[in-house]
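Chemist: coordinates only, no sequence provided:
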């Protein structure tokens, strides 16, 4: 059974703070993704990684960076948090084995930036 | 890049009725179209998917249809039940199957 966990369910930070969101998966998946979810906007891809130390920009990478030092862990970093980064952040992982690359999501981190 | 549009944004049906959610995509290289269901306070989960070499796929009360020529695909839920109430997201891949672009979601409410 795939398990994707995120470091916090709720997080409150102040404007200008550096914020780390951690995601860990236990299924040896090659791909990992970070999305943000906002009402009416769906799931928007911030960054993804298809291998250790590899990263690709998604649709909304501005203001974010990522780190993938180990296969099971993918971190999202907000270098200087701003109020417009208040959102739900979802991590996901998928395998490249076979054609169907079902993405398994974590429970989400609701980040509030004051 | 890929653009996925989803309609309607909200849908209310009576229990037992059918529900249809429609999506269009822009990238002709897309060949994988999954649908995810997100219940309130829960994470999105895959409920059904379809590949571009298939026109229709069915799994019990849910079915998905794909029209490659028109670049649209639809989710059909028959005999709706209260537990079908959730937000549904369509998605399309970028041709490699790994990266997905999601639609904006449809909030389905099944009333008694």
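Modeler: Here it is on my side, so go on. Everything numeric in this text was worked out from a predicted model, so none of it was measured.
Chemist: please enumerate the helices of chain B.
Modeler: Using DSSP state H, no helices are found in chain B.
Chemist: residue B:49 is in contact with residue B:62, correct?
Modeler: No: the pair residue B:62 and residue B:49 does not pass the contact test of C-beta atoms under 8 Å, sitting 11.0 Å apart. Quick note: C-beta positions are derived from backbone N, CA and C, even for glycine.
Chemist: now for those two: what residues contact both?
Modeler: Common contacts of residue B:62 and residue B:49 (C-beta atoms under 8 Å, 6 or more residues apart in numbering or on different chains): residue B:35.
Chemist: so where's the chain uncertain?
Modeler: By default, I'm working from chain A. Within chain A, the ranges that satisfy pLDDT under 70 run A:1-2, A:99-100.
Chemist: wrong chain, I was asking about chain B
Modeler: Counting by pLDDT under 70, chain B shows low-confidence ranges at B:97.
Chemist: what bridges to residue A:5?
Modeler: In this entry, residue A:5 is beta-bridged to residue A:24, by DSSP bridges.
Chemist: tally of neighbours for it?
Modeler: 12 (other C-beta atoms under 10 Å in any protein chain shown).
Chemist: what residues does chain B put near chain A?
Modeler: By the rule C-beta under 8 Å from any C-beta of the partner chain, the part of chain B lying against chain A is B:1, B:6, B:9, B:32, B:34, B:42-46, B:49, B:51, B:89, B:93, B:97-105.
Chemist: buried among those? Make that a PyMOL selection.
Modeler: Remark: buried members of the residues of chain B next to chain A, expressed as a PyMOL selection using 16 or more other C-beta atoms under 10 Å in any protein chain shown:
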select buried, chain B and resi 6+32+34+43+44+49+89+93+97+98+99+100+101+102+103+104+105
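Chemist: around chain B, which positions in chain A sit nearby?
Modeler: Going by C-beta under 8 Å from any C-beta, the residues of chain A near chain B are A:31, A:35, A:40-45, A:48, A:50, A:56, A:58-59, A:90, A:94, A:96, A:99-103, A:105-108.
Chemist: buried subset of the residues you listed, written for PyMOL?
Modeler: Only the buried entries of these go into this PyMOL selection, using 16+ other C-beta under 10 Å:
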select buried, chain A and resi 31+35+42+43+44+45+48+50+58+90+94+101+102+103+105+106+108
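Chemist: so which of the residues of chain A next to chain B sit within strands?
Modeler: A:31, A:35, A:42, A:43, A:44, A:45, A:48, A:56, A:90, A:94, A:105 (DSSP state E).
Chemist: beta partners for the second one?
Modeler: Okay, so that is residue A:35. Bridge pairing for residue A:35 - DSSP bridges - gives residue A:45, residue A:90.
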